[in-house]
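>>> got a sequence here, can you build the structure:
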Amino acid sequence: MLLGALAIAAGLLLVAAPNRRGLVMAALAVLALSFVSPLCALSSALFCARTLHHVLLTSLAAPVLAWALPRAEAAKGLGATTLAFAAVFWIWHAPAAYGAALSSDGVYWLMQASLLSSATLFWRAVRSAPAPAGVAALLATTVQMGLLGALLTFMPRALYAPHALTTIPWGLSPLEDQQLAGLLMWIPAAGAYLAAALVLLGRQLRGMAAVAAR
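Here you go, the predicted structure:
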């Protein structure tokens, strides 16, 4: 069923973006890595693997999809999509919601779909927005994701019941697993949004310098 869904998604994306097949295939490769490779099974045992899984969806697959799809005609709802993405990300990393996702197939796929779709909408809004607004949205996302990562890193106890008995075979206590997940979210995940903000800012400054030179 999963392979069939990926095949259908590939067909729809290739029809929607016939001139960006490279980006489409790159996004599908990230989705396949996330859901078909052993990483997906490992994420049932380790929260840090689940965090890496979510980072791949929201910080790699989503922006590639956003740039593969046709560009929106006008930048609308950047603030709303930024808040929506932040809310979805925090909600699914709350212990109760996370536990519900790992105990129900339906809730699990709702978690994955909402993370990917909200992140893709966010990146599409960033792509269509003026550079200063896009930089502000990316910096805000950097801060909120870094804050969540820091909270998980410095929390004195493990929060996620589904991983209470699954981490020891991998040489990690539940708290160490959570701390590693927090570091992944705090540094590389948040850093991806900071890097994107710096790229946008650099382009804006180069454009302003070119105009001044003319």
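
>>> list phi and psi for M145.
phi -70, psi -40 (degrees, to the nearest 10).

>>> what's around the spatially closest residue to it that is not a sequence neighbour, how many residues?
Leaving aside its chain neighbours, M145 sits nearest to A190 (4.4 Å; criterion: C-beta to C-beta, 6 or more residues apart in numbering). Using the backbone N, CA and C atoms, a C-beta is placed for each residue, glycine as well. For A190, the tally of surrounding residues (other C-beta atoms under 10 Å) stands at 23.

>>> so what does the helix or strand of the chain with the lowest mean pLDDT touch, helix or strand wise?
When each helix and strand of the chain is scored by mean pLDDT, DSSP states H and E, helix 2-16 comes last, with a mean of 81. Packing contacts for helix 2-16, counted by 3 or more C-beta pairs under 8 Å, 6 or more residues apart in numbering; DSSP states H and E, involve helix 21-35.

>>> residues contacting the helix or strand that comes right after the helix it packs on, please?
Proceeding N to C from helix 21-35, the next assigned helix or strand is helix 38-42, under DSSP states H and E. Here helix 38-42 makes contact (C-beta atoms under 8 Å, 6 or more residues apart in numbering) with 33-34, 49, 52-53.

>>> gap between the helix or strand where L139 lies and the chain center?
Using DSSP H and E, L139 maps to helix 131-154. Offset of helix 131-154 from its chain centre (C-alpha atoms, centre = their mean, to the nearest Å): 12 Å.

>>> name the helices or strands packed onto it?
By 3+ C-beta pairs under 8 Å, 6+ apart, helix 131-154 packs against helix 78-92, helix 105-128, helix 174-184, helix 190-213.

>>> so can I have CSV of those showing distance to A16 and mean pLDDT?
CSV is the format used below for the helices and strands packed on helix 131-154 (distance: least, C-beta to C-beta, whole Å; pLDDT from 0 to 100):
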stretch, distance to A16, mean pLDDT
helix 78-92, 19, 96
helix 105-128, 12, 95
helix 174-184, 32, 96
helix 190-213, 23, 84
